[in-house]
Every structure is written in C-alpha cells, then in structure tokens.
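S.K.: Structure for this input, please:
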Amino acid sequence: MDRIALITGAAGGVGRSLAHKLADQGWRLIVVSRNGARLSEAFGDEHLQVEADCATPAGVQRIFAVARAQQLQPTALAHCVGNIRLGALHRMSEADFNDCLSANLISAFHTLAGFVSSLREARSPGAAVLVSSVAARIGTPNHEAIAAAKAGVEGLVRGAAASYAAAGIRVNAVAPGIMDTQAAAGVIASDAAREAAARQYPLPGIGDPAELAELMAWLLSPHAARVTGQVWAMDGGFSSIRPLVMK
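M.R.: I've put the predicted structure just below:
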C-alpha cells in the first residue's frame, strides 16, 4: 500500500529537507506552496505539486480537491508553513502581527482541519506533525508575535490530539531553535549575527533543517505509533537548561 504524505511550505528549508527524506523512504508526496515557481525550482517535475494558500479555507480545499482528482489520499501531514516576524510588542505594526498569525497559526488550523476531515471521510488513521518554535516555550526578547502564534500552534496540537485519538489520528509538533533556512536568513545575515545566535544555545550552533526532518519523519512513521499530543524540542537545550557562562 502506498504511503502518501502532504507537505505544506514544501519549498522552504524544512519542507524541502523533509520531502527529500520521505521520498528516500519510499513515500509518495503532495508538495504545497503559495509559489508554484519555487516548487518547480525545488523539485523539478517530481511529486504532485499544488500551488495554494494554506492560510485560507479555500486554499486548503484546493489542495485536497487536487489530491482527490489524482486519487491520492494522504495519511501523513507535515505542516511547514511559517514566517518569522521579530520586533518589540510596542513597535510591531498591525500588518506584521496579522501576517505572523496568518502564516504560523491560521494556516496550521485550516490545514490540520482539512487533513482531519479527509481522513475521517476515508475512515483512515493518520499522523500530523506541525512546526512550533523555541520562542513558544521560553521568553525571548522581541519574539512576542512569533511566540504568541507558535504557542497557539502547540495548543492546537494538544487539543486536536485529544479530539481525534480515538480515530487513530496522531498530532504532534516539533519546536526548533534558529535554523539555517531562508526564513531565518534576515536574523543571521552577517557573520557577527550568526556567531551571536549560535552562542546563545547550551549546545552552540545553528540548527540544520535535515536534522529536524529526521525527527519529523520519525513522528510520521509507525515507530511513533504511541506518540501523540507532544511537542518535541530540538533547540540545543535552550528551553530547558542554562549554558555554562565563562568569565
């Protein structure tokens, strides 16, 4: 039986890494982005590519309509859509805040709802993994907007996991620190900024999307069959331990 996974935000660093990982494991893939040209650039003519905006119900409906037309029923979802909007609370514009909520939380809500509806209609179990952030777990200066959005994602994960466990639908999240992706490029644009970002973690360094993809692939696999409602940190210890400070 084919294993079919839906990856949103597939043209980004995390989505692309996960797509390559799952394809190597024999999964058939539906890859989604708002930018069809970026999908083509990332994957050529491989996989079923869908241009859609996951932050709207109409966009999510389009994804599953295209999948149905190709007779594809995804049983795994990796929602990798998101952005980073930094800035102190009192200086952030309404537009930036709304954009942060839309990309990170609203998109997760609509996409997960569409995925669950599809599974229930097919009377199929399944697994979803969403992407949170270390910023949702520990206070970090100038991260108020992204912290609020990603904390909402974590609440969504726990609530959905509770609602659909009896149907065999698992929902988990990963919570990375800063990673070497296009979304974080502005934060670590200079060598000095990159070095400063790396030093803030007890295990110093910048995260690799391929490492996060390994964890996400495991959460979607049968090896994680007893895992649901969890948020898995991959943050170099940032949210749980203090680094050793040397004078």
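S.K.: ok, residue 28 touching residue 7?
M.R.: No: checked against Cβ atoms under 8 Å, the pair residue 28 and residue 7 is beyond contact range at 11.3 Å. C-betas here are computed from N, CA, C, even on glycine.
S.K.: The two: who's more crowded?
M.R.: Ranked by neighbour count (other Cβ atoms under 10 Å), residue 28 and residue 7 place residue 7 first, with 28 against 15.
S.K.: so what pLDDT did the nearest residue to residue 82 once chain neighbours are set aside get?
M.R.: Nearest residue to residue 82 in three dimensions, chain neighbours excluded: residue 104, at 4.7 Å (Cβ to Cβ, 6 or more residues apart in numbering). Model confidence at residue 104, expressed as pLDDT, equals 96.
S.K.: quick one, strands of this structure?
M.R.: Defined through DSSP state E, the strands belonging to the chain, from first to last, are 4-8, 28-33, 48-51, 76-79, 126-131, 169-176, 231-234.
S.K.: you'd agree residue 9 is up against residue 77?
M.R.: No: with contacts counted by Cβ under 8 Å, residue 9 stays clear of residue 77, the gap being 11.4 Å.
S.K.: quick one on the thing from earlier: tell me the contacts of the residue nearest to residue 82?
M.R.: 81-83, 146, 149-150, 152-153 (Cβ atoms under 8 Å, 6 or more residues apart in numbering).
S.K.: Quick one: which of those residues has the lowest pLDDT value?
M.R.: Summarising pLDDT for those: the lowest-scoring member is residue 83, with 87.
S.K.: For the residue nearest to that residue when sequence neighbours are not counted, give me its contacts.
M.R.: Closest residue to residue 83 in three dimensions, ignoring its sequence neighbours and counting by Cβ to Cβ, 6+ apart: residue 103, at 4.3 Å. Residue 103 sits next to 55, 81-83, 149 when contact means Cβ under 8 Å, 6+ apart.
S.K.: I'd like the distance between residue 103 and residue 51.
M.R.: Noted for residue 103: a distance of 16 Å to residue 51, by Cβ to Cβ, to the nearest Å.
S.K.: Could you list the low-confidence segments of this protein?
M.R.: Along the chain, the parts satisfying pLDDT under 70 run over 1, 181, 183-189, 198, 245-247.
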